[in-house]
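Chemist: Pasting a predicted model and its sequence here:
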Amino acid sequence: MLALPPAPAPERQHSLLVGTSFGVAAGAAAFAGLLGTYLVARERELDRLREAGEVVRFLPNGVLMPEIAPNIMLSILLGASLMAQWAVYATRRGDRRHTAMAIVLVFLFGLGALNLQVVVYRSLEVGLTSSPFATLFYGVTGAFMIALLVGLVFALVTAFRSLGGRYAATDTDGVAAFALYWHFLTFAFCALWLVVYVNK
Amino acid sequence: MGNVPRDIGSGLRERATGAIREREPMTITDTKPEQVEGVGAAAAAPTAAPVVPARGAAWLLSADHTRIGRMFVGVSLALAVAVLVVGTLVMAERIDTDGTFLSADAIDQMTSFLWIGLAFLVVVPLLLGIAIAVVPLQLGAQGIAYPRAAALSFWGWLFSGGVMVVSYLANGGPGGGDGQAVDAFLVSFLLVLAALVIGAGCVGATVITRRAPGMGLLETPPFSFAALISAGALLLTLPVLGGTVVLLFVDHHYGRIVFGGNAGIADQIRWAVIQPQTYVYGILVLGLMAELSPVAARRRQPLRMTMIAAVGLAGAIAVGGAMQWMPTVDLDGVTPIQGLAQLVLYGITALLPGLPFLLVLGLAGQAFRGARPRLSGPFGFATAAALMGLVGAGVGVLTPIVDLELIGTVYQEAQSAYLFFAGLLAGMGALAYWGPRLWGRRLPDKAVGGLATLGFIGTILAAFPYVIAGFLGQPLGASSWSELDGPIQLCNIAVTIGFALLAITVLAFALLALRGFSRGDPAGDDPWDAQTLEWAVAAPGAPGPDAPAVQSPEPWLDIKESVSSQAGAG
C-alpha cells in the first residue's frame, strides 16, 4: 500500500457562523435593493410633482413623520447589538448565566423595537394605498419587521440552546452567529432610518 | 495511470468528516451522517437492518447532494427545451410583420418568459445543480453544508418556478393583463430568487467549511473555486432584485400607484437579464473551462494561480458592475471630472468583463503547448461556452456608448444571449464530464462532441445576427416594427434558426443523457484521467476508499503519479 503522510488535524468547520454570514450578506443586499428602489421611486415621484407644478413633498399633505419613536428604535437596536456582543463575550468566558441574561435582553429589546414600529404605524395614520409614500414606506418597514421577527426567533432558539449547555468557551459559533444577525438588523435599521425617517 | 489501486489513502475522508462530527455538536441544519444517502449512508454502517424508503420517496425526501443536484439539472434541462421553443416562436414572430400568429399580449409575455426563464429557470439552476452535486465531491467532503437547506432550495425552486410558469400562462408576467396572475408571478419570482440564493449559500458554505485537510482555498479545484465566487456574486445580487420585487408586489397588489401597475414591472427587473448582471451568470463557465483544460491537456495547469485569479477577478467585476445601473458613456457637454467618472465606470462594467475570459482561454491554450491532448465532448462544450462568453463580453463593450444608439435595440438581447447560452453550453458540458461520477455511466463521446458543435453554431446564429440588427436599429422586443425587412429580416430568420438549433441541441442532449446515464457503457472510476479528488472514490456515490492527503491542487494526479513511479521503481 502506498504510504502517505498523515493529513493535518481537521479544523473546526464553523458551518453555522459561515451560513449566517452568507444569510446576513444576502439580507444586506435585499435591504440595499429595497432602499435603492425606494429612493428611485421617491425621486421619480418628486420629479412628477415638480413637472406638475405641485408642492414638491414626498409625504402626503398633512402627514408628519414621527421622529421620537424611530430615534428610540435606533437606540434600542444599538443597545441590542451591544447586548448580543456581550453574549458572545460571556460565552467565551464560559459564563452561562450572563450569556442567557444578555440573550434575553436582546429579545426584550427586539420586542421593544417591534412595539415602536407599531407605534409609528399608528401615529402616521396613512392607508397603505393612500399615496406612493405610504406604499413604499409600508413595504420597506414591513420587510424590516419580518427580519426583526426572524431575529426574535433566532434569539429564543439561541437562549434555549445556551441554557441547554450547547455552547462553551471553545464553541461560541451559535452565539456569534446570533450576534452577527443582530448586528445586521442594527445596520439595516441605521440605513432605513437615514433613508426613510431622516431623508423625508 | 488509469490502473491505480483503489485501497490507497490514509483515511482523509474519515478525518475530514467523521472526526469533526465527533468533536462538534451538530447544528440544527446538519444532517446526521446515516441520513445522507450515497456516501454517507454507507459510511455510517448501520447496526440494525436499515429501513429502505420507496424509490420515489427516497428522491422526495433526500438530503443527498448528488440527488438534489441531479434533480436541479434534470428539471432545468427540461425547462430549457420549453424556454427555447418559446424563444423560437418569439423570434419567428419577428420575421414577418404581416403574418403575425401571436397576439401582442402573448408576444410580450413570451418575450419576458424567454429571458427571465433563461436566467432563473434554466442557466442559474442548471449550473447551481451541478455545483451542488459536484463541489462536495471535489473537496473530499462527505456532503454539502446544510443538506436540508439544499433540498429546500430545489423543492422551493421547483414549486415557485411551476407557479411562475402557470402565472405566465395565465397572462400574468410583467405587463400581463390578469392582476391576480401578475401577483402570483411576483410572489413566485421572489420565491425562485430566495430558493436560488439558499442553494448558492449551501455551495459557498461547503467550499469554505468542508474542504479536505491540506486543501487551502486557493488549492480548491477551479470549478469549486468558481462555484464559491459565483455563489458570492449571486448572494450579493439576487437579493437586491428580491428587495425590488417585494416593493413591486406591495404596490401591485394594493395600490398600483408607484411603479405604473403591470406595465412598470418589466422596467424594474430588466437589469437582471442584461449586462452587467449577465456576467454574474457566466462565472461558472470560466470555472468549467479552467477545470477541463488541464485534464484535456493531460498535464498540470501552468500558471494555475493566474487562472484562479482570473476567476476571482470575474466575480469582482461582475458584482462591481451589477451594483449599479449600466453606466453609459456620453461625453457631450460634461465636465472633465464627469467624463473621467463615466470612463472609469465604463471600464469596470464594460471593458474588464472580457479580461477573465481572455485570461482563462489563454492559459488553457498555454496548457496545451507541448502536450499530448485528449480532446473530449465535454471539453468541446466547455471551449464553446468560454468562447461564447468572451464574444458576449466583447459585444458588451459597445453597448454603453450612447452615440452608437445600441441601448434599447436587439443588440442588448444579443449580449444576453451570448452569456446565457454560454452558461447553457457549460451546463451540458459539465453534465457530460461529471455524469460518469454521478451515474457510473458515460455518454458516447462523439455524440457529445457533435452536440457541442451544434450548440456552438446555434449560439452564434441565435446571437450574432442581432449584433448586426442592433446596429441597424431594430428595437428590443419589436414584432410589429415597420422596418423588419431586408437585412434585418435575414437577421431575424438566422436568429430563429439559431434558437431552433439550440432547442434541438438541448433536447437531443437530454435524451442522450437519459439513455446514456441509465443504459450506457460503464464509465470506470477515472474515465477522463482526471486530476481532482472527486475521481478518487469509486463511482457513483459509493463510499470507496478514503481519499489521500491533499498536498497540491491536483491530489488525484499526485496519487497516480506516485503509484506510477513506485511501479516503475519496483
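Modeler: Everything's here; your move.
Chemist: going forward, measure contacts between C-alpha atoms and count neighbours the same way
Modeler: Noted.
Chemist: Identify the single longest helix in chain A, thanks.
Modeler: Ordering each helix of chain A by length in residues (DSSP state H) puts helix A:15-52 first.
Chemist: after that one, next one along is what?
Modeler: helix A:68-92 (DSSP states H and E).
Chemist: Just to check, residue B:264 is in contact with residue B:175?
Modeler: Yes. Counting by CA atoms under 8 Å, residue B:264 touches residue B:175, with 7.1 Å between them.
Chemist: higher neighbour count, the two?
Modeler: Each of residue B:264 and residue B:175 has its neighbours counted (other CA atoms under 10 Å in any protein chain shown); residue B:175 has more, 21 against 16.
Chemist: Secondary structure element holding the more buried one?
Modeler: Applying DSSP H and E, one finds residue B:175 in no helix or strand.
Chemist: Pull the contacting residues for it.
Modeler: B:108-109, B:182, B:262-266 (CA atoms under 8 Å, 6 or more residues apart in numbering or on different chains).
Chemist: again, only using 6 Å
Modeler: If you count contacts by CA atoms under 6 Å, 6 or more residues apart in numbering or on different chains, residue B:175 has them with B:262-263.
Chemist: Distance check, it against chain A.
Modeler: Residue B:175 sits 18 Å away from chain A, taking CA to the nearest CA, to the nearest Å as the criterion.
Chemist: Then residue B:404?
Modeler: Remark: distance between residue B:404 and chain A (CA to the nearest CA) = 27 Å.
Chemist: What number of residues are in the vicinity of that residue?
Modeler: Neighbours around residue B:404, by other CA under 10 Å: 12.
Chemist: Check residue B:341 too.
Modeler: Residue B:341 sits with 14 neighbouring residues when counted by other CA under 10 Å.
Chemist: quick one: it is in a helix?
Modeler: Yes. Under DSSP: H, G, I helix; E, B strand; the rest coil, residue B:341 falls within a helix.
Chemist: any weak-confidence spans in the stretch 351-500 of chain B?
Modeler: Counting by pLDDT under 70, the stretch 351-500 of chain B shows low-confidence ranges at B:478-484.
Chemist: what's the spacing between residue A:161 and residue B:263?
Modeler: According to CA to CA, to the nearest Å, residue A:161 and residue B:263 sit 49 Å apart.
Chemist: no wait, residue B:196
Modeler: 26 Å.
Chemist: neighbour-wise, which of these two wins?
Modeler: residue B:196 (28 against 13).
Chemist: Following element in sequence after the helix or strand harbouring the more buried one, please.
Modeler: Using DSSP H and E, the element containing residue B:196 is helix B:179-209. Tracing the chain past helix B:179-209, the next element assigned as helix or strand by DSSP H and E is helix B:222-250.
Chemist: OK, contacts around residue 73?
Modeler: Using chain A here. Residue A:73 touches residue A:113, counting by CA under 6 Å, 6+ apart.
Chemist: not quite, I wanted chain B
Modeler: If you count contacts by CA under 6 Å, 6+ apart, residue B:73 has them with B:126, B:129.
Chemist: helix/strand/coil for it?
Modeler: Three-state call for residue B:73 (three-state DSSP): helix.
Chemist: Which pLDDT value goes with it?
Modeler: Note for residue B:73: predicted pLDDT of 97.
Chemist: Kindly report the same for residue B:31.
Modeler: 42.
Chemist: From the centroid of the chain, which residue is nearest?
Modeler: Answering for chain A, as no chain was given. For chain A, the residue sitting closest to the mean C-alpha position, by CA atoms, centre = their mean, is residue A:185 at 1.7 Å.
Chemist: wait, chain B
Modeler: Centre-nearest of chain B using CA atoms, centre = their mean is residue B:127, 2.9 Å out.
Chemist: ok, and what's touching the helix or strand harbouring that residue?
Modeler: Using DSSP H and E, residue B:127 sits within helix B:124-139. Outside helix B:124-139, the residues within contact range by CA under 6 Å, 6+ apart are B:65-66, B:69, B:72-73, B:76, B:143-144, B:211-212, B:224, B:427, B:533-534.
Chemist: Separate out the buried members of the residues you listed.
Modeler: B:65-66, B:69, B:72-73, B:76, B:143-144, B:211-212, B:224, B:427, B:533-534 (16 or more other CA atoms under 10 Å in any protein chain shown).
Chemist: and stretch B:85-98, average pLDDT?
Modeler: 87.
Chemist: ugh, wrong one, stretch A:171-187
Modeler: Mean predicted lDDT for stretch A:171-187 stands at 95.
Chemist: Helix, strand or coil: sort out residue B:102 for me.
Modeler: Going by three-state DSSP: residue B:102 is coil.
Chemist: if I pick it, what's in contact with it?
Modeler: With CA under 6 Å, 6+ apart, residue B:102 has no contacts at all.
Chemist: let's see 8 Å
Modeler: Taking CA under 8 Å, 6+ apart as the contact definition, residue B:102 lies against residue B:93.
Chemist: And for residue B:293?
Modeler: So residue B:293 contacts B:301, B:364, B:367-368, B:379 (CA under 8 Å, 6+ apart).
Chemist: Try it again at 7 Å.
Modeler: When contacts are counted by CA atoms under 7 Å, 6 or more residues apart in numbering or on different chains, residue B:293 touches residue B:364.
Chemist: Check what pLDDT it gets.
Modeler: For residue B:293, the model assigns a pLDDT of 95.
Chemist: In the contacts of helix B:124-139, find the pair that's most separated.
Modeler: Within the contacts of helix B:124-139, B:76 and B:212 form the most distant pair, 30.2 Å apart (CA to CA).
Chemist: before we move on, back to that, so how far is chain B from the residue nearest to the centre of chain A?
Modeler: For residue A:185, the distance to chain B (CA to the nearest CA) stands at 15 Å.
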